[in-house]
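Chemist: Can you look at this prediction? I've put the sequence above it.
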Amino acid sequence: MKKIILNFINQNKGYISLVLFSTLLFSIINISFGVLIKYIVDGASIKGSSIVYYAIFFVLIRLTTPILYGFIDYGSSKISDKLDIELKEKLYFNAIELDNIFHNNKNTGEILGKINAGISSVRNITKSIFQSIIPVFLDILFIITVIFLTFNIFYSILVLLVLIIYAIAIISQTNKRVPILRELANTERKTMGFFHDSFINHESYKVFGQKKNEEKRLKIIIDNYKNILNINKSSLFKISLTAASVSALGCIIIFYFVTIDILKGNTTIGNFLMLTVFLFQSFLPINSIGFSFRQIKRGLVDLEAINETFFKENENIREIELLIPDHIKIQLDNLTLPLSETLAIKNLSGQLIIEKNEITILTGASGIGKSSLGKLITGLLNNYEGTIQVNNFELKEVNLNLFRKQTTYCSQDTIFFNDTIKNNLLYVQPDSSEIDLNNALTIVGLKDFIKIIDKNIGERGSKISGGERQRLALARSFLKGSKFIILDEPTTGLDHENKENLINILNILKEKFLILVITHDPIFSQVFLKNSFIIDKNTIKQV
C-alpha cells in the first residue's frame, strides 16, 4: 500500500503542485481580509478615494478566493479520482490472485464492504489533506506572522498556544474514538455480509420457511448497529463540547489582554477587530481539522482492513519459466495441506504422469484430497508443506502467470459470468474469431449453441444444464489453447448419455491436450484404466 501511494505521488507532482500553489495564494488572500478591516477602521478619517481603493481590494478578495478554491477543488478531485482508479485496479488484481484458502473463507458481503469503505476513505483522506489540513496550517502560519508584526511576540505566542491547545483537545478526543470507529466499520461490514448471504441463499430461506429465525438474526445485527451508532453520536457530542469550551476560554484570555492594551493606548480598535477576525478564521477551520482528523482516522482504519486483506507481501519470488512439453511428471514428497482446522492432505508422496493421447485418471476415497491436489497443481492453493515438483521444478519457484497460461482447471462447480455464451467464451481468448468460437462449440458437442451464441446463460450459468456447463467449460479450455487440462469431477450431475458424450469428447481432445481427470466415477475409471492413478492413504500409485 505504501509503495502504491509513493509511486502515485511521484507520478502526479503536477496536480499536487497546482493544489499547493493555489492553497498558498488562497491563504494569503484570505488572511488579508482581517488586515483590510484593521486599516479601514484605523484609517476611518482618510479621504473618500482611499475608501474606494479599500472597496476595490475587498471585491478582489471576494472574487479571487472562490477562483483559487476552484483550482484547489479541481486539483484535489483529480488527485483523488486518479488514486481511486489506481487503487481499484490494484485491489481487483490482488483480490483475484489470492489463493483458494482466502476465497473459501471469505464473506463476499464483508469483503465488498471493506473495498467500498477503503475506496471512499481514499477520497476522504485526499480531500481532508488538501482542502482542510494544509489550508488551515498555512492560515495559522500567516496569522501568527501578522500578529507578531502588528502586536508583539507575546500575542503571537498567546494565540499560537491557544490554537495548539484547541487542536490537541480536538485530536485527543478524536483518538479516543478510534476503537468506536473500528467497531462501527466492522459492524457495517457484518451487516453487509448478512444481507449478501440472505440474498444469494434466498431459495433456502423460502424452501425451509426460516423467516422468523432470519428476523431474529437481523434484529440482533441491527440492534448492535444501532448501539454502536449511539455510542458514536455520544462521542461526537463530547468533542463538540470540548471544542466549544476550549475556544471560549481561549478567546476570553486573549480579549482580556487586548482590552487592557486598548485602554492603555498600546493598540488600536482596528488591531482588536483584526485579531477577532483571525480568531474566527482559525477556530472554524480547526473545527474542520477535527472533522478531517476523524475522517483520516476512519479512513486509515478502513485502509488498514484492505491492506491486511489484499496487500500481503509475496515472500516467494517465482522466476522459473516452465514450458509444458508433451508430458508432465508431478512428483510429491511429504505433501501436507492445512485446510481450516483439518488437514486436506497429510504427508502425501508419489507421482503422476500425464501424457498426450492418454486420459490420466486420479481416483481415491471421498475427502482424501483429490480436488485439493488439483488446485495445488495449478497454484490455486499454495500454503502447503513438503514439495510439489512439476517436471523436476518446485512449483513454489515456478512463474505461475506463465504456467497458468498453459493450464486450465475446470472445477466441480464451473463458474460462468452472467453474460452471453459468446462473451463467456471470449473471456479466455478475446481475439477469437467467429470461426474459432464455432469450432470450439462443435468439438465439444454444442453445435446448437452457435445459433444462440448471444443468449445470456444467467448467473453462474444457471440457464443451461449441468452437462452443457461442463462442455462449455471444455470449449473455453480449447479456445484458451491450454496444453494441460484438469477436470475435477466432470461427471457430477450428468446422466449416462451425457457421460458417454463427455467420454467421446475427451477421446478427441486427448490428441491435442494433456488431460487429467479427477473422479470417483466407476465408468471413467474403467474406460481410461490404462493410465489410472489412485490416492491410497499417504501414497499415489498407478492402478
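Modeler: Sure thing, it's come through.

Chemist: what's the neighbour count on the closest residue to residue 543 other than its chain neighbours?
Modeler: Setting aside the residues directly before and after it, residue 543 is nearest to residue 532 in space (C-beta to C-beta, 6 or more residues apart in numbering), at 4.3 Å. (Each C-beta comes from the backbone N, C-alpha and C, glycine too.) Applying other C-beta atoms under 10 Å, we find 19 residues neighbouring residue 532.

Chemist: ditto for residue 212
Modeler: For residue 212, using other C-beta under 10 Å, the count is 8.

Chemist: Work out for me the element it sits within.
Modeler: In this assignment (DSSP states H and E), residue 212 forms part of helix 211-264.

Chemist: what's the spacing between residue 329 and residue 514?
Modeler: 11 Å (C-beta to C-beta, to the nearest Å).

Chemist: What of residue 176?
Modeler: From residue 176 over to residue 514 the distance is 61 Å, taken as C-beta to C-beta.

Chemist: When the two are compared, which one has more neighbours?
Modeler: Neighbour count, other C-beta under 10 Å: between residue 176 and residue 514, residue 514 has more, with 24 against 11.

Chemist: Give the bridge partners for that one, please.
Modeler: Taking DSSP bridges as the rule, residue 514 bridges to residue 484.

Chemist: so how far is the helix or strand harbouring residue 479 from its chain's centroid?
Modeler: Assigned by DSSP H and E, residue 479 belongs to helix 466-480. The chain centroid and the centroid of helix 466-480 are separated by 31 Å under C-alpha atoms, centre = their mean, to the nearest Å.

Chemist: Which strands and helices lie in contact with it?
Modeler: Applying 3 or more C-beta pairs under 8 Å, 6 or more residues apart in numbering; DSSP states H and E, one finds that helix 466-480 contacts strand 407-410, helix 421-426, helix 434-443, strand 484-488, helix 496-509.

Chemist: Around the nearest residue to residue 539 once chain neighbours are set aside, how many other residues sit close by?
Modeler: Leaving aside its sequence neighbours, residue 539 sits nearest to residue 350 (C-beta to C-beta, 6+ apart; 5.0 Å). Neighbouring residues of residue 350 were enumerated by other C-beta under 10 Å; the total is 18.

Chemist: which residues pair with residue 350 across the strands?
Modeler: Counting by DSSP bridges, residue 350 forms beta bridges with residue 332, residue 540.

Chemist: surely it meets residue 537?
Modeler: No - the criterion here is C-beta atoms under 8 Å, and residue 350 misses it with residue 537 at 10.5 Å.

Chemist: quick one on the thing from earlier: of the helices and strands packed on helix 466-480, give the one that comes closest to residue 247.
Modeler: helix 421-426 (60.1 Å; C-beta to C-beta).

Chemist: Just the pLDDT at residue 157, thanks.
Modeler: pLDDT, residue 157: 92.

Chemist: any idea how far the helix or strand hosting it is from the chain center?
Modeler: If you go by DSSP H and E, residue 157 is part of helix 153-176. Remark: helix 153-176 is offset 36 Å from the chain centroid, using C-alpha atoms, centre = their mean.

Chemist: tell me which residues of that helix are tucked away?
Modeler: Using 16 or more other C-beta atoms under 10 Å as the test for burial, helix 153-176 gives 155-156, 158-160, 162-163, 166-167, 169-171, 173-174.

Chemist: So the closest residue to residue 424 other than its chain neighbours: helix, strand or coil?
Modeler: Leaving aside its chain neighbours, residue 424 sits nearest to residue 416 (5.2 Å; criterion: C-beta to C-beta, 6+ apart). Following DSSP: H, G, I helix; E, B strand; the rest coil, residue 416 is assigned to coil.

Chemist: which ones are touching residue 416?
Modeler: For residue 416, the contacting residues are 424, 457, 460-461, 469, 472, by C-beta atoms under 8 Å, 6 or more residues apart in numbering.

Chemist: Backbone torsions only: list them for it.
Modeler: phi -120, psi 160 (degrees, to the nearest 10).

Chemist: ok, it to residue 460 distance?
Modeler: Taken as C-beta to C-beta, the span from residue 416 to residue 460 is 6 Å.

Chemist: Repeat that for residue 150.
Modeler: Going from residue 150 to residue 460 by C-beta to C-beta gives 72 Å.

Chemist: what about the two, which has more around it?
Modeler: A count of neighbours by other C-beta under 10 Å puts residue 150 above the other of residue 150 and residue 460, at 19 against 13.

Chemist: still on that earlier bit, my guess is the residue nearest to residue 543 meets residue 364, correct?
Modeler: No - Residue 532 is beyond contact range of residue 364, at 11.0 Å (criterion: C-beta under 8 Å).

Chemist: Give me the number of neighbouring residues for the residue nearest to residue 150 when sequence neighbours are not counted.
Modeler: Of all residues not flanking residue 150 in the chain, residue 271 sits nearest, at 5.8 Å (C-beta to C-beta, 6+ apart). Using other C-beta under 10 Å, residue 271 has 21 neighbouring residues.

Chemist: ok, now which ones touch residue 271?
Modeler: By C-beta under 8 Å, 6+ apart, the residues touching residue 271 are 38, 42, 150-151, 258.

Chemist: I only care about those residues that end up buried; give me the PyMOL line for that.
Modeler: A single PyMOL command selects the buried members of the contacts of residue 271 (16+ other C-beta under 10 Å):
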select buried, resi 38+150+151+258
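
Chemist: quick one: the residue nearest to residue 359 when sequence neighbours are not counted and residue 445, what's the gap?
Modeler: Excluding its sequence neighbours, the residue lying closest to residue 359 (C-beta to C-beta, 6+ apart) is residue 528, at 4.3 Å. Applying C-beta to C-beta, the value for residue 528 to residue 445 is 18 Å.

Chemist: again with residue 456
Modeler: 21 Å.

Chemist: Give me the more crowded residue out of the two.
Modeler: Using other C-beta under 10 Å as the criterion, residue 456 and residue 445 rank with residue 445 on top: 19 against 14.

Chemist: and the helix holding residue 212, what other elements does it pack with?
Modeler: In terms of contacts (3+ C-beta pairs under 8 Å, 6+ apart), helix 211-264 is packed against helix 153-176, helix 178-200, helix 269-310.

Chemist: Tell me which of the ones you listed approaches residue 12 most closely.
Modeler: Proximity to residue 12 (C-beta to C-beta) singles out helix 269-310 among the helices and strands packed on helix 211-264, at 18.4 Å.

Chemist: and that closest one, average pLDDT?
Modeler: Computed over helix 269-310, the average pLDDT equals 74.

Chemist: Report the rounded mean pLDDT for stretch 486-503.
Modeler: The pLDDT scores in stretch 486-503 average 80.

Chemist: start to end distance for it?
Modeler: 14 Å (C-alpha to C-alpha, to the nearest Å).

Chemist: contacts for that stretch?
Modeler: The contact list for stretch 486-503, computed with C-beta under 8 Å, 6+ apart, reads 370-371, 374, 377-378, 407-412, 445, 466-467, 470-471, 474, 515-521, 523-524, 527.
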